[in-house]
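**Student:** got a structure for you, letters missing:
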């Protein structure tokens, strides 16, 4: 076959082919809106010009300290300005930003620093002890940089060679950075929370970060100059790529050291926050604020929530506060959220219960996730769109990770057959929206029937006394497995018996799905607030 | 240097690397919003599901007729549904869409069909004669497809082998298309209007079309489901990539065979149009509508305008109608607009004259144009940001064309030194916004001083009797060149003399910039409405 005339003599040149990188977003905002606010943190207010200079200083100073392009720089930071700056300054030096989960212990952190070979660590005083203990375990000590913060309420202790502001002072505000030549170049490293086994290091590249940052804008129809409140940890999938999203929109990053519902409410009003993101528990905190801490506001506020389907009562409560909820879903392996329960006007008229049920679905693909499918995990054949047949969620696109660091077999397995295998089980509704039923490893098989633990949990949650619930498989001689429920009751609700919960479930579930056991207890959680079902499975086994 | 650990064992796979293509946008909208309106044209109302099926039918039918991937399919169509569909159906078959300027004559069209080697042409009845005459000149006759249109008011005459609906009927609505494997693959071919010399065939690729379509959303902060009125010809830079933009937003395309201010006003109100684009002359038409044809509406309506700086009176008039104006700038070589006069809130408070002057600037780069510069065209050194020094506008990014078809030397010249050379001359203001002063070939050099013809024209336009003005160089023994003005006066304004215009210019311009001659006449224009300065230069020479 002769080559098309449209593919001859028309090569890529430096004029018409430029590597996609989210660093071009901050470059643009600093040049177009230099005097617009970029970062707010307590008394600190910095413009885009200032923030851009600080990021270039950071890159320049890292270079001066001998850190080379392609090496990792870690950050053990809450949502403070330095964490935002690291999302630009570190890749400006050609380095890879390794955001560390601040809730982890020294052993886990040591593993990550060693595995990712971090050459420097930015350390918040709150985590000085953990980092000190972690670094003690390492053969190659990284450069430690203390990041002071006036809003840290504990007693600050420095463990590093120098403080962040001193580091910046060494750097050149006009640093002549080079953008990546190849958009496949790594930009960041995020370790999975690893409920079982060793954490895996998920590598993101510039192309994916660029595209998912833009897709956030598209899904949310985000206007110019949003005021974004950092309720979502930036260490979590690079804050779902929102540092780069906010740079593209020339918005404001309102920092927040920790999730505190009263402070969130105050910032919404006092800083005019227009957007934020967070798990349903963040929303729950707002809904449950004492009335005297709730405040009126009349500017539009939007929240994206993920991690679990928000219960109807929470959606109703948040919407009553004047906050519009969008439900998204994603994983560390896909740069944060990549599906959205895209809203349809016709649903506005439905009663709340029904709206909440619709909104609880994980929905459809992001504009920039190229394909999304619920399929048989072995044959990769799509399941019927019947809202009943369970399959695994598969994804394909440029916002699927580059792979797991130093782990080719896990990478190959995760990306096998042209799809990323999420390990999440879902049904596909007739309207093309998917709804998660379970993690592959969580589903219960009882008498040959699949039982979605999420479905059972939903039934338990609908009991007014229940604050938290988790259902796992309990080995059973007759049935293979049966559902076993762990329940945390609301404080001050009074006595509730196991039988009462079981009766309640019978009203809502097919008989084979009803838990055989209900255990009242606190639920064990990972550092990111996920319930540790593997712990509960162990407990269920021993009941 | 050892390779970074982040670049080892992490290759591109079909799961994590997918070619960017705007075809994924229509795929998504048809799947998420199948029942939402996509196309409106007179009595025709089609959903996204229907439109998507028609596009797949078109691709399938082209294949059945032996048209191969990599070959061109031309369209001689006004803004009718088939033109919108061609933007998807043609590339779905792997083909390249060659949109033809419907105002051109048979000779020009014949040149393009021959040069682009089009294998098929979609023909509107209004242009049957032109296409028939053009095809007569060709050795290799393309397949002609008549596209009937109930809204065409002339007497329809078919010249093709079959009609468009019959073609679609042959096609498979479930056609198993393949998306491009390489995002550098050509998607369309647009000939420059060619005020001098042979038209050049500008080739666009999927990557650029994808990115510029998205950038349109970002600049305009375009919400979900806009109602877009097609005042801008789709044959012009693929309608600035808006067919793909509207597909990404799951919006409505309200078609329009020709620009008719009354009809535009009616569609804004009756169809709830929220967005449209067009030259200032389109806006002018709306402003000058008789009062009884103006209608009230209270939904937000936005327009992007380009091609010339909109005069203050037009901006004021349009804004009084309730339409918000955004000024953008681009060229065929860069997929339509790639700069925008990004608005700053602080400017809202300025008096109209000043706002108009600010808005008339071409502004700053699109999010997805990677670099924009005003520079010395020889050394490529940026000019100072002083608002005075004139340089050439240079651009770099993924929305710079793939190149000129079968014209390597012109491509190399246009993309020389890592920049696309626009040939437009501008100043760079201290705030980083650029403002065009002239085309390179239009500028007048008088006594060694540069005179911007645009600046002189602005002065002439500010005279209330002037409807249109153009200024060109006239050879002069003493000065080298002097400005010569051609002016069309408003009907019914009464007598205005050459001396009066010259006096008026003296009040607004430095003496050496004042035209030495003023000629009252109709202005010759290209098929896209651009004033043909080369004709005027010839006339000036003969004065």
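**Tutor:** Structure's in. What do you need? Not measured: the values here are computed from a predicted model.

**Student:** In the stretch 201-350 of chain A, mark out all the helices, start to finish.
**Tutor:** A:206-220, A:237-240, A:242-248, A:261-270, A:280-287, A:312-321 (DSSP state H, counting those that start in this stretch).

**Student:** Reformat these as TSV; add distance to chain B and mean pLDDT.
**Tutor:** No exception for glycine: its C-beta is placed from N, CA and C like everyone else's. Output for those, formatted as TSV (distance: least, Cβ to the nearest Cβ, whole Å; pLDDT from 0 to 100):
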stretch	distance to chain B	mean pLDDT
helix A:206-220	6	97
helix A:237-240	15	96
helix A:242-248	6	98
helix A:261-270	20	97
helix A:280-287	23	86
helix A:312-321	19	85
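
**Student:** Mind checking those helices for the one nearest to residue B:399?
**Tutor:** Residue B:399 lies closest, by Cβ to Cβ, to one member of those: helix A:206-220, at 13.9 Å.

**Student:** one step back: pick the most buried one from the helices of the stretch 201-350 of chain A.
**Tutor:** Between the helices of the stretch 201-350 of chain A, helix A:242-248 has the highest mean count of neighbours, a mean of 28, where neighbours are mean count of other Cβ atoms under 10 Å in any protein chain shown.

**Student:** In terms of secondary structure, what does it contact?
**Tutor:** Applying 3 or more Cβ pairs under 8 Å, 6 or more residues apart in numbering or on different chains; DSSP states H and E, we find helix A:242-248 packed against helix A:23-32, helix A:81-92, helix A:206-220, strand A:252-254.

**Student:** Quick one: low-confidence residue ranges for the stretch 351-500 of chain A.
**Tutor:** Counting by pLDDT under 70, not a single residue of the stretch 351-500 of chain A qualifies.

**Student:** Repeat the analysis, applying 90 as the threshold.
**Tutor:** A:351-357, A:360, A:377-378, A:437-455, A:458-459, A:461-462, A:464, A:467-468, A:475-481, A:490-495 (pLDDT under 90).

**Student:** can you map out the helices along it?
**Tutor:** A:352-359, A:408-414, A:453-461, A:498-508.

**Student:** could you redo the helices of the stretch 201-350 of chain A as TSV and give each row distance to residue B:10?
**Tutor:** Formatted as TSV, the helices of the stretch 201-350 of chain A follow (distance: least, Cβ to Cβ, whole Å):
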stretch	distance to residue B:10
helix A:206-220	12
helix A:237-240	17
helix A:242-248	20
helix A:261-270	38
helix A:280-287	33
helix A:312-321	39
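
**Student:** Nearest to residue B:170, out of the ones you listed?
**Tutor:** helix A:206-220 (35.6 Å).

**Student:** distance between the closest one and the chain's centre?
**Tutor:** Centroid separation for helix A:206-220 versus its chain: 14 Å, with Cα atoms, centre = their mean, to the nearest Å.

**Student:** now it and helix A:81-92, what's the angle there?
**Tutor:** 130 degrees (axes from the mean of the first three to the mean of the last three Cα atoms, to 10 degrees).

**Student:** Return the list of helices and strands in contact with helix A:206-220.
**Tutor:** helix A:23-32, strand A:186-191, helix A:237-240, helix A:242-248, strand A:323-331, strand A:336-340, helix B:206-220.

**Student:** can you do 6 Å?
**Tutor:** helix A:242-248 (3 or more Cβ pairs under 6 Å, 6 or more residues apart in numbering or on different chains; DSSP states H and E).

**Student:** Check which helices and strands the helix or strand where residue A:534 lies is in contact with.
**Tutor:** If you go by DSSP states H and E, residue A:534 is part of helix A:533-542. With contacts defined as 3+ Cβ pairs under 6 Å, 6+ apart, helix A:533-542 has these neighbours: strand A:466-476.

**Student:** Quick one: work out the angle between the strand it packs on and helix A:453-461.
**Tutor:** Going by the same axes, to 10 degrees, strand A:466-476 makes 130 degrees with helix A:453-461.

**Student:** List the contacts of strand A:466-476.
**Tutor:** A:444, A:453, A:456-457, A:460-461, A:481-488, A:490, A:523, A:531, A:533, A:536-537, A:540 (Cβ atoms under 6 Å, 6 or more residues apart in numbering or on different chains).

**Student:** switch to 8 Å and redo it
**Tutor:** A:442-446, A:453, A:456-457, A:460-461, A:481-491, A:501, A:515-517, A:523, A:531, A:533, A:536-537, A:540-541, A:543 (Cβ atoms under 8 Å, 6 or more residues apart in numbering or on different chains).

**Student:** Now do it and helix A:498-508, the angle between them.
**Tutor:** Using the same axes, to 10 degrees: strand A:466-476 against helix A:498-508 is 90 degrees.

**Student:** for strand A:466-476, which positions count as buried?
**Tutor:** Judged by neighbour count using 16 or more other Cβ atoms under 10 Å in any protein chain shown, the buried positions of strand A:466-476 are A:466, A:468-474.

**Student:** Would you check which pair of these lies furthest apart?
**Tutor:** A:466 and A:473 (20.1 Å).

**Student:** Which residue comes closest to residue A:316 once chain neighbours are left out?
**Tutor:** residue A:352 (5.2 Å; Cβ to Cβ, 6 or more residues apart in numbering or on different chains).

**Student:** ok, now how distant is that neighbour from residue A:319?
**Tutor:** As judged by Cβ to Cβ, to the nearest Å, residue A:352 and residue A:319 stand 8 Å apart.

**Student:** dump the residue contacts of residue A:46.
**Tutor:** Per Cβ under 8 Å, 6+ apart, neighbours of residue A:46: A:37-39, A:54, A:81.

**Student:** partners of it in the sheet?
**Tutor:** residue A:39 (DSSP bridges).

**Student:** Tell me how far it lies from chain B.
**Tutor:** For residue A:46, the distance to chain B equals 18 Å [Cβ to the nearest Cβ, to the nearest Å].
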